[in-house]
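K.L.:
Here's a sequence, model it:
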Amino acid sequence: MPTKTQRIIGWTLTVLVGLFLIGASGVPKFMDFPGKADMMTKLQIPLNLLTTLGVIEVSVTVLYLIPRTAFIGAILTTGYLGGALWTHLRVDDTWYFPIIIGVLMWLGLALRHPVIFRLVLGQASLTPLANDATQR
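P.N.:
Okay, here's the model as predicted:
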């Protein structure tokens, strides 16, 4: 069971990552702003794809922010961030920011649900689930 401090830090990281992904990255994909066309040209992303990318980014982030769907949201957001990483690597742009966001996202989730730390470190076992299936 996570301590109160772990839960608070976990939720704080979760909300900050969510606010960034939705407010600073997702929503601007639906808006027109100076330099947008030049930025997308540099990243080699056609402007007509931005709405689709914005819908995907906001959708997976909302899944991450809902406690019941947070794990699948984190997996899907990781995939989205992997695509962002590849996009930046492909055009020789600063590439580490999607990694930082992904690490903060998983850290926030793991602080809320410590079993994630145990799974990553190999300390948790799924064998009780297998034993339950064989005993039926």
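K.L.:
what's the next secondary structure element after the lengthiest helix in the chain?
P.N.:
Secondary structure of the chain per DSSP state H: the longest helix is helix 70-90. The helix or strand immediately downstream of helix 70-90 is helix 97-112, counting by DSSP states H and E.
K.L.:
on contacts alone, who are the packing partners of that following helix?
P.N.:
Applying 3 or more C-beta pairs under 8 Å, 6 or more residues apart in numbering; DSSP states H and E, we find helix 97-112 packed against helix 4-19, helix 70-90, helix 115-120. To be clear about C-beta, it is placed using only N, CA and C from the backbone, and glycine gets the same treatment.
K.L.:
Just the mean pLDDT for the second one, thanks.
P.N.:
This points to helix 70-90. For helix 70-90, mean pLDDT rounds to 97.
K.L.:
How far off centre is it?
P.N.:
6 Å (C-alpha atoms, centre = their mean, to the nearest Å).
K.L.:
and that helix, what other elements does it pack with?
P.N.:
Using 3+ C-beta pairs under 8 Å, 6+ apart: helix 70-90 touches helix 50-65, helix 97-112.
K.L.:
Which one, of those, ends up nearest to residue 78?
P.N.:
Among the helices and strands packed on helix 70-90, helix 97-112 comes nearest to residue 78, with 5.6 Å by C-beta to C-beta.
K.L.:
quick one: buried residues of the closest one?
P.N.:
Within helix 97-112, the residues that count as buried by 16 or more other C-beta atoms under 10 Å are 98, 101, 102, 105, 106, 107, 108, 109, 110, 111, 112.
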